[in-house]
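Asks: structural data only, the sequence is not supplied:
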């Protein structure tokens, strides 16, 4: 029972990481840009959702606002700042996007204050449901899993089956050639960036609802999202999906299983401490192992 | 008019200053948490402290407030700056025990007074106590000891225990177990500042416990309570006031109703100082005070009571004046034990709804005249 519940927790965590990592990996794959400010877009989505939901009383409007606000912010940032960075090297991109983190964080603190905001779950999504097998699980976390799966499917269709998807893949392969064929590459980049931002905003809104909405909430998630895209292979949506679930499940199951595993050979409190410490290291150990086995990541194209 | 009064009082202070009289002002450095998930606690301590100064009309107490962002390294930097460049006489304000452990020993070693409005880690109450360190709130274990005593009287036999992995978290579980006589269904330390408790809730569900004792101050408690309510687990919760205080309850909502928690203070304690405090706090800030606010308020009043008796420059006299604790506490009876930690009653409260507002009411006394377990180890 504990295992099943932890597996669901891992799945939910993985889906949330996927929403973050999908945008990050698209932007990195298509434009070759390292975007540290992705976590700020996550935070922005959460604040937009909290603010609109509080003002209108509708959680659905809040979610729509999180998508719209993050996409709009993403588009504006792309046009105003990011566009100048494509030709620069990665260090300059890191510096500029780190500056964006500071601007976003302080700006948000200025507008909303330092005190965290809390969202109330809509009645239809609150409480727990009993799953087959008798396990009770919070409905909203199931909704996050479903949302993540739907987004994964949507992205797969978008990239694989639509004209926009063809252009995105083409832009990834050869930027100059696509431009020479008459595709407006600048507009394409803005759209991809806004799409990634919207996904991050959605993730922020969903997570903010069960946890809390506060300044700086995006950075810990950003680090994990980078772990995910490194494991999955940079630029690969499929890789991001598999790696996000792998990281989520490893983290949740490791934290649940390791302490009881250690408890068989040592005293309970020591086992707890070591198990918990090792549990939080586990995803980085996983990353190291994957990189030794496949330096380009699970689905990475470039060696 | 106002300028003239200030001018006159400055002149008076200068005239008296030479003779070393008690009219000299005090410079207080307040290091507290004003941003992030723990901001509510620091804001309440600061507001309670300011309110006491305002009510007493103490214009000669200068307070410098800085935000430590709940980070030990930043707290240490601020303390160094306050001691060296601002030359404060008294430091106060720290909320978190890991920050207190980083700042307090160095500050008192440099001859500053430190009045703790919140954190009371066990090392500073025992072997690491200091003559210039006073705790006006409680030793960390206290409210948890009371929670353990309450768990016995409620008939709980198998508790699951949950606390963050930092000094106050280990003190919490130690304190709970000191009085609680039942078995442990599980004992889990979480990360400080953690916001997702899905894994811990799964463990609680699987543990077969009959009660959950948890200590998760600030935003951690809000996140845990909300997620616990959503999870469908209905094992009763017990905890110290920190998890059910005024600044948490509104965000938690119905999920907290009826939960019992332990506190050295509540807004309905029947004494004149408390009545005046609760009324003035609501009038000044438009919200109900929390226990953190009461602790900030008491800290300032302790400082004022000592200042009325002695000059802060005369350390021995000032220390004796602090030890006397000659002020009207919002908790009623209050005195210091030999290790400069409070001896006070600790109450059991229940979360109730008054109109639209979630708050606590006192339903009994858990421990009377409780000092702490470490006083014997303290050699001053």
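Replies: Now that the structure is in, tell me what you want to look at. Quantities reported herein were computed from a predicted structural model and do not represent experimental measurements.
Asks: so which bits of chain B are right by chain A?
Replies: Counting by CB under 8 Å from any CB of the partner chain, chain B comes close to chain A at B:34-37, B:39-40, B:43, B:165, B:187-189, B:191, B:195-196, B:198-199, B:202-203, B:205-206, B:219, B:222-223, B:226-227, B:230-233, B:251, B:253. Glycine gets a C-beta too; all of them are placed from N, C-alpha and C.
Asks: let's see which of those end up in strands.
Replies: Residues of the residues of chain B next to chain A located in strands (DSSP state E): B:187, B:188, B:189.
Asks: any idea how far chain B is from the residue nearest the centre of chain A?
Replies: Closest to where the C-alpha atoms of chain A average out (CA atoms, centre = their mean) is residue A:20, at 1.4 Å. Separation of residue A:20 from chain B (CB to the nearest CB, to the nearest Å): 14 Å.
Asks: what pLDDT does that residue get?
Replies: Residue A:20 is assigned 93 on the pLDDT scale.
Asks: kindly confirm whether my reading is correct that residue A:40 touches residue A:100.
Replies: Yes. Contact between residue A:40 and residue A:100 holds when scored by CB atoms under 8 Å: they sit 6.4 Å apart.
Asks: so for the two, which residue has more residues nearby?
Replies: A count of neighbours by other CB atoms under 10 Å in any protein chain shown puts residue A:40 above the other of residue A:40 and residue A:100, at 31 against 20.
Asks: state the helix or strand in which the more buried one lies.
Replies: Assigned by DSSP states H and E, residue A:40 belongs to helix A:38-56.
Asks: spit out the contact partners of the closest residue to residue B:230 other than its chain neighbours.
Replies: With CB to CB, 6 or more residues apart in numbering or on different chains as the measure, residue A:138 is the residue that lies nearest to residue B:230, at 4.3 Å, once sequence neighbours are left out. Contacts here follow CB atoms under 8 Å, 6 or more residues apart in numbering or on different chains; on that basis residue A:138 touches A:127, A:128, A:210, B:227, B:230, B:231, B:232.
Asks: find the nearest non-adjacent residue to the residue of chain B at minimum distance from chain A, please.
Replies: In chain B, no residue comes nearer to chain A than residue B:232, which is 2.9 Å away by CB to the nearest CB. Nearest residue to residue B:232, sequence neighbours excluded (CB to CB, 6+ apart): residue A:128, at 2.9 Å.
Asks: beta partners for the one you found?
Replies: With DSSP bridges applied, residue A:128 shows beta-bridge pairing to residue A:138.
Asks: only the buried subset of the residues of chain B next to chain A, as a PyMOL command please.
Replies: This is the PyMOL syntax for the buried subset of the residues of chain B next to chain A, where burial follows 16 or more other CB atoms under 10 Å in any protein chain shown:
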select buried, chain B and resi 34+35+36+37+39+40+43+165+187+188+189+195+196+198+199+202+203+205+206+219+222+223+226+227+230+231+232+233+251+253
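Asks: what about the helices in the stretch 201-350 of chain B?
Replies: Using DSSP state H, counting those that start in this stretch, the helices of the stretch 201-350 of chain B run over B:219-231, B:246-252, B:272-285, B:291-309, B:315-324.
Asks: same deal with chain A?
Replies: With DSSP state H, the ranges of helices along chain A come out as A:2-31, A:38-56, A:59-80, A:90-112, A:139-161, A:163-173, A:175-180, A:185-210, A:218-232, A:237-263, A:268-293.
Asks: show me what the longest one is packed against.
Replies: Spelled out, that is helix A:2-31. Counting contacts by 3 or more CB pairs under 8 Å, 6 or more residues apart in numbering or on different chains; DSSP states H and E, helix A:2-31 packs against helix A:38-56, helix A:139-161, helix A:163-173, helix A:185-210, helix A:218-232, helix A:237-263, helix B:198-207.
Asks: can you redo those as a markdown table with distance to residue A:82 and mean pLDDT?
Replies: Output for the helices and strands packed on helix A:2-31, formatted as a markdown table (distance: least, CB to CB, whole Å; pLDDT from 0 to 100):
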| stretch | distance to residue A:82 | mean pLDDT |
| --- | --- | --- |
| helix A:38-56 | 11 | 94 |
| helix A:139-161 | 21 | 93 |
| helix A:163-173 | 15 | 86 |
| helix A:185-210 | 6 | 93 |
| helix A:218-232 | 16 | 92 |
| helix A:237-263 | 20 | 88 |
| helix B:198-207 | 35 | 90 |
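Asks: adding distance to residue A:294, write those helices out as a markdown table.
Replies: What follows is the helices and strands packed on helix A:2-31, written out as a markdown table (distance: least, CB to CB, whole Å):
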| stretch | distance to residue A:294 |
| --- | --- |
| helix A:38-56 | 24 |
| helix A:139-161 | 22 |
| helix A:163-173 | 20 |
| helix A:185-210 | 24 |
| helix A:218-232 | 9 |
| helix A:237-263 | 10 |
| helix B:198-207 | 29 |
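Asks: tell me which of those helices sits nearest to residue B:135.
Replies: Proximity to residue B:135 (CB to CB) singles out helix B:198-207 among those, at 29.7 Å.
Asks: just checking, what packs against the closest one?
Replies: Counting contacts by 3+ CB pairs under 8 Å, 6+ apart, helix B:198-207 packs against helix A:2-31, helix A:237-263, strand B:158-164, strand B:183-190, helix B:219-231.
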